[in-house]
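Student: got a structure for you, letters missing:
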């Protein structure tokens, strides 16, 4: 049994703990080390392989894009909630077939879809090749599916695969 | 003066989006629709409030504090999971019927097959 099966995860956990306590005393350093060893061991079953990020700048650019989209979509959904008559809101499920293979990339895509207001990832199929999305207002479901594929999935593919 | 205006604007935006999120819970019709409302409160609402806190600490208070950013990261990582569990609940309780997945495997919530490489995790029994 290795002490650090996932070095990057351990580093992130330790760093997060130090950021949360906000100072660099011996006690918090020791606790950060304990967490960095213990949490990857306990959650080992969930991380069969370490995720590989090919390009960190691209990942940061992706985060910036998502934050910008979240702000725009917030305004759009706020308008729907406030002003659109209740019986004209067309909510529906949309099946989005994906070609991503890395579990971390799929999780990130599902999280992105949920955090952008107006769409929620409800489920995926058994072999993770189709995501089930629920959209608050989708007069044109194909357009939403294509936007997810071109705007988010294509970028994640370049980052992780 | 400009700083006060900026801080006030950020706080008003935060409050406004929190309010719209809660109003959406009241106004939208069913469970799946209501799921969309709180994402506003937890993204722009919380984000604007935390921005205000960071700017205030930088200018009036005692320097940069990373805690706000850690809070925002935690919210962005964990909120989709609770939303996912709530939508799985709606699928389970049959209040909403999804379309077919269009492949050989059904939606994971209803898929009884265990994959070989899946870790042994607690599973809800089929009833």
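Tutor: The structure has been received and is ready for your questions. Computed from a predicted structure; not experimentally measured.
Student: What is the burial count for residue 57?
Tutor: Looking at chain A here, since you left the chain open. 8 (other C-beta atoms under 10 Å in any protein chain shown). All C-beta atoms are positioned from the backbone trio N, CA, C, and that covers glycine.
Student: wait, I meant chain B there
Tutor: 15.
Student: How about the residue nearest to the spatial centre of chain B: what's its closest non-neighbour residue?
Tutor: In chain B, the centroid-proximal residue (C-alpha atoms, centre = their mean) is residue B:79; its distance is 3.5 Å. Nearest residue to residue B:79, sequence neighbours excluded (C-beta to C-beta, 6 or more residues apart in numbering or on different chains): residue B:42, at 5.2 Å.
Student: Contacts only, for that neighbour.
Tutor: Residue B:42 makes contacts with B:21, B:75, B:79, as judged by C-beta atoms under 8 Å, 6 or more residues apart in numbering or on different chains.
Student: make it 10 Å
Tutor: Applying C-beta atoms under 10 Å, 6 or more residues apart in numbering or on different chains to residue B:42 gives the contacts A:115, A:117, B:17, B:18, B:21, B:72, B:75, B:76, B:78, B:79, B:82, B:83.
Student: Quick check on those: which are buried?
Tutor: A:115, A:117, B:17, B:18, B:21, B:72, B:75, B:76, B:79, B:83 (16 or more other C-beta atoms under 10 Å in any protein chain shown).
Student: rewinding a little: mind pulling the model confidence for the residue nearest to the centre of chain B?
Tutor: On pLDDT, residue B:79 comes in at 84.
Student: quick one, what contacts it?
Tutor: A:111, A:114, A:115, B:38, B:39, B:42, B:43, B:46.
Student: now, among the residues you listed, which is nearest to residue A:123?
Tutor: residue A:114 (11.8 Å; C-beta to C-beta).
Student: Leaving out sequence neighbours, find the closest residue to that closest one.
Tutor: Distances taken as C-beta to C-beta, 6+ apart place residue B:80 nearest to residue A:114, at 3.8 Å, with adjacent residues excluded.
Student: For that neighbour, give me its contacts.
Tutor: Residues counted as contacts of residue B:80 (C-beta under 10 Å, 6+ apart) are A:107, A:108, A:110, A:111, A:112, A:113, A:114, A:115, A:120, A:121, B:39.
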